[in-house]
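Chemist: I would like the atomic coordinates for the input below:
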Amino acid sequence: SKEQGKLKEAEKYLFKAITLQKKHFGESDLKLVDMYNDLGFIYKDKQEYRKAEENYLKAVSISEQIEGPNNPRLAILFSNLGYLYYEEMDHKKSSNYYRKSIIIEENYHGTNYPNLSNSYIDYAGALQMSSRFDEAYEFLQKALVLNKKLFGDQSDEVALLYGKIGGHYLLTGKFKESLKYHIYRKNLVKNILGENNNSYIETLIDIGTMYTKLGDYKNSHSALSEAYNISVKLLGENKINPMLFALISNNYLNESKFDKAIEYIDKNIDLMRILNSKDTMSFFIAYNNKGLIYLQMSLHDKSLESFR
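Modeler: Numbering: from 1, shown residues only. Next up, the predicted model:
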């Protein structure tokens, strides 16, 4: 692909630059830290994770040797390693490196450093994937407190954290708490940006999903319908997130309104065709769900046709 070609060119350039840098300035040079870091980033994007790890660790070694074990450049490198291991789903290593990054940032910059909020969020994500939910919640709350302190209660940064905490409660099965935080986010986004934006649509989808989890299909329909109407207004019907149709269809299915469920599955399928998503798992799942609904309706011929 074009993107892969660009990465290959960048890789070739960096190899040459590293060779020249080492020739003229030796193995222990700070510019090599940035070069190895950039090379690690390229390999990560190419999903060549062992090569990415090797280059990140080379950068760490040189940085520690020249600048010491508590320098801000090292915090960035540890964060990059955390993200690398997160992509590999090695969440224990990921959380360890994110934690190392946080310790340096707190020690070097102090606890009011703006980037700490993102570091807390990244660390919480790795902890969640390790099922360390109490620790994850602690760091999401730390990020929320910091964002309120730095940016004020009525800010995008606080709205973001409300959504993250809502997502955390979803993972732990606490749907009422999740709903509460998604409503906090919705109200804040509405106050800051108004209703005609993607962030507001996202909050409505999250709220609709939580109401469905709680079995409150009336309020779920209300939220998802509002998300649908705003999406049509902003994007047109052919550019709506297909997941929205899937969620509305699922609501009708839960209410045993099979004809409406089929209607929205068909909208989902038609949209995925337009978006050239016919070979995705979501496309096959939609047809499978359609077949299952026809089966419940005892329409066996139509069910078999969908399963084909």
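Chemist: what's the closest non-adjacent residue to Tyr49?
Modeler: If the residues on either side of it in the chain are set aside, Tyr49 comes closest to Glu88, at 5.4 Å by C-beta to C-beta, 6 or more residues apart in numbering. (C-beta placed from N, C-alpha, C; glycine too.)
Chemist: how near is the one you found to Asp122?
Modeler: From Glu88 across to Asp122, the span is 15 Å (C-beta to C-beta, to the nearest Å).
Chemist: ditto for Met89
Modeler: Distance from Met89 to Asp122, by C-beta to C-beta: 15 Å.
Chemist: which one of the two is surrounded by more residues?
Modeler: When Met89 and Asp122 are compared for neighbours, Asp122 comes out ahead with 22 against 8, by other C-beta atoms under 10 Å.
Chemist: what's near enough to touch that one?
Modeler: Neighbour list for Asp122: Ser79, Gly82, Tyr83, Tyr86, Tyr98 [criterion: C-beta atoms under 8 Å, 6 or more residues apart in numbering].
Chemist: and what of Glu64?
Modeler: By C-beta under 8 Å, 6+ apart, the residues touching Glu64 are Leu74.
Chemist: lowest average confidence, helix or strand, in the protein?
Modeler: helix 300-307 (a mean of 79; mean pLDDT, DSSP states H and E).
Chemist: re the thing from before, what is the most widely separated pair among the contacts of Asp122?
Modeler: Maximum pairwise distance among the contacts of Asp122 (C-beta to C-beta): 10.4 Å, between Ser79 and Tyr86.
Chemist: and those two? Which one has more around it.
Modeler: Ser79 (22 against 19).
Chemist: pretty sure that one contacts Asn96?
Modeler: No - counting by C-beta atoms under 8 Å, Ser79 does not reach Asn96; the two are 11.9 Å apart.
Chemist: what do those two both touch?
Modeler: Shared contacts of Ser79 and Asn96, defined by C-beta under 8 Å, 6+ apart, are absent.
Chemist: ok, and the closest non-adjacent residue to Ser225?
Modeler: Residue nearest to Ser225 in three dimensions, not counting chain neighbours: Ile248, with 7.6 Å by C-beta to C-beta, 6+ apart.
Chemist: so which helix or strand takes in that neighbour?
Modeler: Assessed by DSSP states H and E, Ile248 sits inside helix 242-254.
Chemist: ditto for Leu32
Modeler: Per DSSP H and E, Leu32 falls inside helix 30-45.
Chemist: now swap in Leu295 and tell me
Modeler: In this structure, Leu295 sits in helix 281-296 according to DSSP H and E.
Chemist: helices and strands around that helix, which ones?
Modeler: If you count contacts as 3 or more C-beta pairs under 8 Å, 6 or more residues apart in numbering; DSSP states H and E, helix 281-296 packs onto helix 242-254, helix 258-274, helix 300-307.
Chemist: figure out how far the shortest one is from the centre of its chain.
Modeler: The chain centroid and the centroid of helix 300-307 are separated by 36 Å under C-alpha atoms, centre = their mean, to the nearest Å.
Chemist: ok, the first one next?
Modeler: Centroid displacement of helix 242-254 relative to its chain, using C-alpha atoms, centre = their mean, is 22 Å.
Chemist: residues in contact with it?
Modeler: Helix 242-254 has contacts (C-beta under 8 Å, 6+ apart) with 205, 208-209, 212, 215, 217, 220-221, 224-225, 227-228, 231, 258, 260-265, 267-268, 271-272, 275, 277, 282, 286, 289, 293.
Chemist: what subset of those is buried?
Modeler: Buried subset of those (neighbour count, 16 or more other C-beta atoms under 10 Å): 205, 208-209, 212, 217, 220-221, 224, 227-228, 231, 261-262, 264-265, 267-268, 271-272, 277, 286, 289, 293.
Chemist: give me the number of residues near the residue nearest to Lys267 when sequence neighbours are not counted?
Modeler: In space, and not counting its chain neighbours, Lys267 is closest to Phe245: 4.7 Å by C-beta to C-beta, 6+ apart. Phe245 has 23 neighbouring residues, counting by other C-beta under 10 Å.
Chemist: same question for Tyr108.
Modeler: Neighbours around Tyr108, by other C-beta under 10 Å: 13.
Chemist: in this structure it contacts Pro69, no?
Modeler: No - using C-beta under 8 Å, Tyr108 makes no contact with Pro69, being 11.1 Å away.
Chemist: CA atoms of the helix holding Ile248 as CSV?
Modeler: Extracted in CSV, the C-alpha atoms of helix 242-254 (Å, rounded to 0.1, in the frame of the first residue of the first chain):
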residue,chain,number,x,y,z
PRO,A,242,-23.5,1.2,10.8
MET,A,243,-23.4,0.3,14.5
LEU,A,244,-26.3,2.7,15.1
PHE,A,245,-28.6,0.6,12.9
ALA,A,246,-27.4,-2.6,14.6
LEU,A,247,-28.2,-1.1,18.0
ILE,A,248,-31.7,0.0,17.0
SER,A,249,-32.4,-3.4,15.4
ASN,A,250,-31.3,-5.1,18.6
ASN,A,251,-33.7,-3.0,20.6
TYR,A,252,-36.6,-4.0,18.4
LEU,A,253,-35.5,-7.6,18.6
ASN,A,254,-35.5,-7.5,22.4
